[in-house]
Each structure stands twice: as structure tokens, then as C-alpha cells.
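Visitor: please work out how this folds:
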Amino acid sequence: MLIRGAAGVAAVLALPRSAWATGGIIPGDDDSTQPGATPPPISTRPLPGNAIRVLLQRGRPSVTLTAAGGFAVFDGTENTTPIFRAGPGQNQTLDVSALAHGSGGVIVEAAGDAPLRVDGRPYRGRLLLFPDGAGLMVVNQLPIDLYVLGVLGREISPKWPAAVLQAHAIISRSYALGRRKDAAHAFDVYATTADQVYGGVNAESAPGNDAVYQTRGQLLWYGNGLASAFFSSCCGGHTESAGALWGKDIPYLGGVSDPYCVGSPHYRWRSYVAEDMLRTRLGTEVASLGEIRTLAPLDLDSSGRAKQIVVQGQDGQRDIEAKMFRDRLGTSVVRSTLIHRMQITASPDQLQPDPAFDDPSPAPVPTPPQRGPLVMIEGAGWGHGVGLCQWGARGFALRGGSAAQILALYFPGTTIVAP
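Guide: Prediction:
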């Protein structure tokens, strides 16, 4: 059935009502979580309530909605009369003109328990539609645990041990609640790697749903608030410290030794980049250096990650921030700043991979370019390395570690609080 309430769009966003209960990592050229440039707080008091607003789309000229039991579109006011209804299974395409009926936006709610479909993709909860330039902004508002159902299947494999899924459910829940905003903002989190990847109902699985159920309401806590619960794919043997990444020390994010991610295909890696591609990607940073002769990681932090990459050219030298270097070349090429060695040669047959770095064997390497000059980069891990290492958590769980023990390893000094 349809449920109505709340006065005004802003109030609707600030005071979400309850909704219905329910029962490998995505490949790509992005980390599972990209920390922002601003240092995170040591702890954050969550706002009241348990709902989250997730940005699904923006700037879209139109969206097509449907629901098995039908749906209704309401103005964001006390008026409980729908602007219009769509019957069971009926497709309805909305564009910005539909928002002219609402007070700055409209609310879409399904009739019955079936999810709403947005351009064919099912989502639980309800939708908030706002004007966004000449198009639409589409926001999915739903209870936090239903949101986490749609995160786990996009951030971690449902085939992994239950303890890993449970630990991830706790940090994903904590991460999202720590980023909730007030009614002045249209949404709380992105559905992408800018926050956590969220796939709605299509991302759900029985193991993931069970992990959310087993940990329902549990949060990672430090002091008087939520811990900053970051994670990445593979730390390469040692997690990164918040101080090294942001210049701000956080007691439970000081970096820890991690022997458990050795089974990751990203534990060791090797990449090749043609020298002309290197020049193109780095642009003005190396334009004045002439022929590039050597590259090397520089200014290593306590985890072994480079803060700078020194580029030596025929006509000079330039130190480039390691994070910039990684972003420019692509995070699937330079998978982390935990760089072991870099070599530039005139031809592929002159490359000399380090045999010691092949224990354990690195991930399958791409075929090097057939002509030079080219660069070979050897490194470890994938991602920024702060907080939980997903592959390390898997390895620890396979050795009998519980969800609580996993979180204690990666976030020492934190506690798990329950409702």
C-alpha cells in the first residue's frame, strides 16, 4: 500500500519514514572507495533516523518508472492526493515537466511490496525527483539496512566467508551513516566509487542479505561517534595510515601489518606503459624534461607507499605527487602507490622483472607493447590501502577470524555497538 507523510520536500528528506523489510569486487578503473581530499573526522555523531538518500542519476532528460503493483507520484507537501498514478506493470516516463506539479520536487512510491524500477533497474524504498539543470536528479531514499543489501554485492563477493560479509556490512553501514547530511542537501551519498558502489535489488544475494540481518543495527564506533570506516581491495601486506594519506593522524587508522591478503590476485602486480602514453598522461608535468630516462618511487611512508615519483629526463628532473601519478596513468595501471620498482627501456626484450617479486606470483600481467621505449612498473596491492583490506579480511576469515576480530585488526581501538 502507499504511505504518505511529511511536510515539504526538505522535511521529507530530513524525516524519512520507515519502509518495507526484506529478507568479486566490481572490475574497473576505480578503487572501491575513493577518499576525498578533506581529512575525515576521527568520529562523527550520526544524524537521527535510519534512512539514507542515494544519488542514482543526475542531469537525465527523463526516466522510465514502473512497479509490479503500480506506483503513485506525490508532491512533497501535506497533500496526500497523488499527482497521478500508474497501474500495475505500467511504464511511465517522467521528464522535468512532471516536476512542475511539485513544490520543487516529487516523491514516487510503489504500491505494495514490489520495488520501483528505474529504467528497468529495481530499487527498494522510494524515489525523490528534483530538477537538475535541464534534466532530472533521481535519489533513492531507503532504510540503511536495505541500502547495505545493495552495497555488499557490488563491493565484495557473496561467495566469500560469512565473517567477511558481516564485517563489511558493519563498515558499510557505518560509512554511510557517517555521511548523512541535513535537509539542505538533496542526497547523502553517491551510488558510485565516490562513496560506495550501490546496485539496488540487482546487487542483493542470500549470503549478503544474511550478513546484514546478522549484524542489523551494528556500527563501528570510536569515542563518542562513528569511526571513519574506509576500505580498499588489497593493501599489499600493510595498510596505509590516515596521517600519510591526509596529513591527519587517526588513532585507529595508523596502518597495520597484514599477512592475510597474500592470496589476492592484486597482492603483486606488474604493468607496462608506452613512453609516449606516459608523456600524454602526465602532460605538462614532464613536457620540459626531454627524453625520460628513469622513474623511481620516492619519499616512502611507514607502509612503504611512495609519496612522490621522481621522473628523470634528459633535460631535468621532476618530482610528481604519487597520487597524481597514479590517477593520471589510471588506477588499473598503477594499482596502488606501494610501488616496488620502475624501469624504462628502449625495447621490450631489455625489461628485467625482479624474480624476487614473483613470490607469490603477481596477477596475470598484460602483454608489453611490442616496441619501445616503455615503462615497467612493479607494485603491490590495489587501492588507497586505508582501513579494511577486503582480500586480507577474506584471508583472515579463512583462518577462522570472526567479523569482530577482522574489525579489531584493521580498526584497532574501535568497538562494535549494537542497538
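Visitor: only C-alpha atoms from now on, for both contacts and neighbour counts.
Guide: Will do.
Visitor: now do the lengthiest helix in the chain: which elements does it pack against?
Guide: Among the segments of the chain that qualify as a helix by DSSP state H, the longest is helix 162-177. The contact analysis (3 or more Cα pairs under 8 Å, 6 or more residues apart in numbering; DSSP states H and E) places helix 162-177 against helix 144-155, helix 206-214, strand 219-222, strand 225-227, helix 390-398, helix 403-410.
Visitor: quick check: what element follows that helix along the chain?
Guide: strand 189-190 (DSSP states H and E).
Visitor: go through the helices and strands packed on helix 162-177 and pick out the most buried.
Guide: With neighbours taken as mean count of other Cα atoms under 10 Å, those reach their highest mean count in helix 144-155, at a mean of 26.
Visitor: can you add mean pLDDT and give the helices and strands packed on helix 162-177 back as a markdown table?
Guide: Formatted as a markdown table, these follow (pLDDT from 0 to 100):
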| stretch | mean pLDDT |
| --- | --- |
| helix 144-155 | 96 |
| helix 206-214 | 97 |
| strand 219-222 | 97 |
| strand 225-227 | 95 |
| helix 390-398 | 97 |
| helix 403-410 | 98 |
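Visitor: closest one to V197 among those?
Guide: helix 144-155 (5.8 Å; Cα to Cα).
Visitor: between helix 206-214 and that closest one, find me the angle.
Guide: Between helix 144-155 and helix 206-214, the angle formed by their directions is 150 degrees, by axes from the mean of the first three to the mean of the last three Cα atoms, to 10 degrees.
Visitor: how big is the angle separating helix 144-155 from helix 390-398?
Guide: 100 degrees.
Visitor: can you offset everything so residue one is 703?
Guide: Fine by me, first position is 703 from now on; the one you just mentioned is helix 846-857.
Visitor: distance from helix 846-857 to the middle of the chain?
Guide: Centroid separation between helix 846-857 and its chain, computed with Cα atoms, centre = their mean, to the nearest Å, is 12 Å.
Visitor: for stretch 929-942, same thing?
Guide: Worked out by Cα atoms, centre = their mean, stretch 929-942 lies 12 Å from the chain centre.
Visitor: endpoints of that stretch, how far apart?
Guide: End-to-end distance of stretch 929-942: 16 Å, with Cα to Cα, to the nearest Å as the criterion.
Visitor: give me the low-pLDDT residue ranges for the stretch 953-1102 of the chain?
Guide: 1060-1065, 1067-1068 (pLDDT under 70).
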